[in-house]
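Undergrad: Quick one, structure for this:
(2 chains)
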Amino acid sequence: MAEDDAQGALTARSPQETHDPIIRFSNVTKEFTNRDSKEPFRALDGIDLSIDEGDIYGIIGYSGAGKSTLVRMINALERPTSGSVTVLGTEVTGLSESKLRPLRQKIGMVFQQFNLFSTRTVAQNIAYPLQLDHWRKDYQDRRVSKLLEFVGLSEHADKYPAQLSGGQKQRVGIARALATSPRILLADEATSALDPETTSEVLQLLRRANAELGVTIVLITHQMNVVRQIANRVAVMSNGHIVESGDVYDVFAAPQQPITRRFIGTAISGLPDAAHIDSLRARWPGRIITVLVRQREVPAGDGRPAVGASGQNISELIARHHLASGLIYGGMDTVDGAAIGALTYEFDDTQDRFGQFLDELTRTNDIIDFGTAADPRTPQAWKE
Amino acid sequence: MQESFLSAPQGSVTLATRGDWTVLRPLLITSIGQTLEMVLATLVIGGFLGLVLGILLYGTRPGNLFENTAIYRILSFIVNIIRPIPFIIFLAAMQPLTIKVVGTSIGTTAAIFPMIIMCTVATSRLVEQNLLPVDPGVIEAARAMGASKFTIIRTVLIPEALSPLILAYAFLFVSLLDMSAMAGYIGGGGLGNFAIAYGYQKFDPTVTWTAVIIMIVLVQAVQALANAIVKHRQRRTS
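TA: Okay, the predicted model is just below:
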């Protein structure tokens, strides 16, 4: 390994044959004792979580949900009060700081505030973990220049962090985290201090690190958009619990918990809210119906029932029933390669054919029927 | 020589008359040497011990590398007791201990010992205060990379706080000059003693002001050097 790394090679690691998860939490609880109150504060409560090698695992929650505590247990910056955390086959719970050192060199970490060393240049920042690992100077230099190339900052090697933009700083942070060819990369709100455009750039870079270097990424965020853009698995955290988890598409397409729906509402466009419905009713006299779009069905699992695809045959149905219709509102996003969204139509429900059309539409799709301006409805499914 | 507690520099005679610079010049040169000896020896030894104590104070604070509230409170208490004592009283109070450690309570070396103790204590607070603003995030980043605590201190904490630390040590140099001026009280010689014994007590303001100006020049030179280093560093890093 040393020889390969010494050449500065950035090559993908072939996935291991074993199916053991690379990170496993079993029944992990963490309590903090606050000096002001007798009751300890329970930041994590009975966490069970498995992350497989090669995953980009998003952990989403509001601030204070416990996600930062959880990710810090992977490299043992925080220790659990009870339960066990196994990383790369090693139980980290009881390891001393010195025994943790080799493990920590296999786990890179990037931070919301970048945490670059302000008195070191970009190149020196990236070389720091290599110095800790006692690399020869010429090997360090070669490795650093490869990493700078990988993150697209070769011309900034001798600048200081204060001279860089936020996005550039985070790219340095990522290069530094990847320096020792880690198997796992922890990203703690890595894009939360960045503007949307820079966020996309940094996410692209993380995705490349995952695809080209085979590094497993655990991504903490409060932005569902970030999860939607790069994660393949997601866990939703609330008050120290994981309330829902699964494949990103499944969670987006069939969210089970209200908090998950709230997060998804910020990332998926197309579902009209009350104000939208009012303004649509004001402008369109006909029957207003929203059809949910789910390109793929969701299999049962991870505590959720099977849910079929939806919104795949609307045009065909409308054409077959010769129905007058207008597409008046909507939006769609791609999640893990499949479309998710909602389309809102106005139909002429005075036509005879409409009843038959609605039957068929309801049978094969998930719809929300808002009625007409003259006869409005507020469906239960939508209120949730 | 024994008639006054303010003694002349060692190896010289106290026959200097008003304005007689043929006699005063060698005395002045000896005094400058003694002042530099006291200040530099204290700065090196006390400055280093103060750095160590300051890192301990910083590190044992709640939430820091060696979090230990009991040790922090004890260290902080000791520092708080010693620091406010006026140095001229501290010199006298330390006399028994100085005899035990140095073997004598008179002379330049005897003055250096209490200076080192006072300097250590003063430095420790300056170091602690200047380490506190270091972003805990960079320390966490180094921990996450597997750096040991000692490595973090050496390669992250001190470099990140180096500019304010340099200014703190320049400030310390001035305090040490101030302390060394009182060394004459126990026969330590130096510029302070020179100014009092040959200027003030012989009604010769020229001598007093010569010592004052030399001190001003020393302080200005050290401060200018520190400022220049810090300015050079900050041009790149902020």
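
Undergrad: quick one, phi/psi of residue 150?
TA: Going with chain A. Here the main-chain torsion angles of A:Phe150 (degrees, to the nearest 10) amount to phi -60, psi -40.

Undergrad: Correction: the question concerned chain B.
TA: Taking degrees, to the nearest 10, you get phi -60, psi -40 for the backbone angles of B:Phe150.

Undergrad: State the pLDDT value of it.
TA: At B:Phe150, the predicted lDDT confidence score is 94.

Undergrad: if I look at it, how far off is chain A?
TA: Distance, B:Phe150 to chain A, by CB to the nearest CB, to the nearest Å: 11 Å. C-beta coordinates here come from the backbone N, C-alpha and C atoms, glycine included.

Undergrad: Around that residue, count how many other residues there are.
TA: Neighbour count of B:Phe150, defined by other CB atoms under 10 Å in any protein chain shown: 9.

Undergrad: and chain A, what are its domains?
TA: Structural domains of chain A, as assigned by automatic domain parsing, span the residue ranges A:2-265, A:274-383.

Undergrad: Near chain B, which residues of chain A are found?
TA: By CB under 8 Å from any CB of the partner chain, the part of chain A that sits against chain B consists of A:75, A:77, A:97-98, A:100-105, A:107, A:109, A:111, A:113, A:115-120, A:128-129, A:131-132, A:160-162, A:180, A:186.

Undergrad: Buried residues in stretch A:69-82, which are they?
TA: By neighbour count, and taking 16 or more other CB atoms under 10 Å in any protein chain shown as the criterion, the buried residues in stretch A:69-82 are A:69-78, A:80.

Undergrad: An error on my part: the question was meant for stretch A:310-326.
TA: Within stretch A:310-326, judged by 16+ other CB under 10 Å, the buried ones are A:310-312, A:314, A:317-318, A:321, A:323, A:325.

Undergrad: So which of those residues belong to strands?
TA: Members of the buried residues of stretch A:310-326 lying in strands (criterion: DSSP state E): A:Ser325.

Undergrad: Provide a list of residues in contact with residue 206.
TA: Since no chain was named, I'll use chain A. The contact partners of A:Leu206, taken as CB atoms under 8 Å, 6 or more residues apart in numbering or on different chains, are A:56, A:174, A:185, A:187, A:190, A:217, A:219, A:230.

Undergrad: Chain B, not that one
TA: Under the criterion of CB under 8 Å, 6+ apart, the contact list for B:Thr206 reads B:19, B:199.

Undergrad: Which helix or which strand is home to it?
TA: When secondary structure is defined using DSSP states H and E, the element that contains B:Thr206 is helix B:205-237.

Undergrad: follow-up on the earlier one: could you dump the domains of chain A into a markdown table and include mean pLDDT?
TA: Supplementary listing: the domains of chain A in a markdown table, determined by pLDDT from 0 to 100:
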| stretch | mean pLDDT |
| --- | --- |
| domain A:2-265 | 91 |
| domain A:274-383 | 89 |
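
Undergrad: Confirm that A:Ile242 sits in a strand.
TA: Yes. Inclusion of A:Ile242 in a strand is indicated when DSSP: H, G, I helix; E, B strand; the rest coil is applied.
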